[in-house]
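Visitor: Next come a sequence and a model predicted from it.
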There are 2 protein chains.
Amino acid sequence: MNALKPLPVLQSICCGDSGNPPLPRAAAERLAETFKALSDPTRVAIVNRLARVAETCVCDLTAAFELSQPTISHHLRILRDAGLVESERHGTWAYYRLAPDAIERLRGVFEP
Amino acid sequence: MNALKPLPVLQSICCGDSGNPPLPRAAAERLAETFKALSDPTRVAIVNRLARVAETCVCDLTAAFELSQPTISHHLRILRDAGLVESERHGTWAYYRLAPDAIERLRGVFEP
DNA sequence: TCCTTTCATCGATGGATATCGATACAGAGG
DNA sequence: CCTCTGTATCGATATCCATCGATGAAAGGA
């Protein structure tokens, strides 16, 4: 932790603080939460699968990935809490699909 | 784990396996690793800052975020290992910038 | 009503992670 | 050589997470 900012002459050699407003902490935390939902290979594969088939029930996911049903359900909950997927019950089955506007939210991080 | 697939009549009610090739596990792991690097609020804020100022030394980051210098260095290493940022030393200071083609890699997950 | 199927939740556990202080390394200037 | 400053790494610790078996909840069929 350096309490003093560099001298002006050094500030031009190093890099000065830009005048742009920084990303608020709350926004950074919300974005990080969404990225964290994609920080697992299984969840990336689930999202990719939903991008291809548009709708899937849990039973097909447990068959596709070699994981137990509670584990798949756990991953789906994390994706749903992050707002990346939506779920709907039809009779006995629960159908999951991609949330329509979830992807657009992630792009702003990389743009000035 | 259900050993039997649903009967054909139920298969049409539930959802069948699409013929599309699934995402290979290695690709899913690589993508998850990149997303994991963005699963922390501090790292999201660092990337956002680099998107605005294009180049920053570590000393400015430790001043901007109220974290210790080892912690900032730790986060920068994770971002660099993930291929999201690049670093370069000029004299005493280390400069970090966004890796140019890092963002494009992340988009394919959501597209069929 | 009882049974089966599908999915969600709970509790436990082994492994990963964010954070810090202490320390080592590297470059610039005496 | 030594010292100072900016970074990186190390070791330790508290917390979080992925996974599983067991169990609960909900819906449909016999």
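Guide: Alright, I've got the coordinates.
Visitor: CA only for contacts and neighbour counts going forward, please
Guide: Noted.
Visitor: Where does pLDDT dip in chain A?
Guide: Chain A contains residues with pLDDT under 70 at A:1-21, A:106-112.
Visitor: ranges for the helices of chain A?
Guide: Here chain A has its helices, by DSSP state H, at A:8-13, A:25-37, A:41-53, A:58-64, A:69-81.
Visitor: can you list those in a markdown table and add distance to B:Ile103 and mean neighbour count?
Guide: Listed next are those as a markdown table, based on distance: least, Cα to Cα, whole Å; neighbours: other Cα atoms under 10 Å in any protein chain shown:
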| stretch | distance to B:Ile103 | mean neighbour count |
| --- | --- | --- |
| helix A:8-13 | 29 | 10 |
| helix A:25-37 | 13 | 20 |
| helix A:41-53 | 16 | 22 |
| helix A:58-64 | 28 | 17 |
| helix A:69-81 | 21 | 17 |
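Visitor: who's in contact with the nearest residue to A:Ala99 once chain neighbours are set aside?
Guide: The shortest distance from A:Ala99 to any non-neighbouring residue, by Cα to Cα, 6 or more residues apart in numbering or on different chains, is to A:Val85 (4.6 Å). Going by Cα atoms under 8 Å, 6 or more residues apart in numbering or on different chains, A:Val85 touches A:76, A:79, A:96-99.
Visitor: Now the two most distant members of those.
Guide: A:Leu76 and A:Ala99 (12.5 Å; Cα to Cα).
Visitor: circling back to that earlier point, so, if you compare the contacts of A:Val85, which one comes nearest to DNA strand C?
Guide: A:Leu76 (6.6 Å; Cα to the nearest atom of the strand).
Visitor: picking up where we left off before, switch the helices of chain A over to CSV; also include distance to chain B.
Guide: Shown next, in CSV, are these (distance: least, Cα to the nearest Cα, whole Å):
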stretch, distance to chain B
helix A:8-13, 9
helix A:25-37, 4
helix A:41-53, 5
helix A:58-64, 7
helix A:69-81, 6
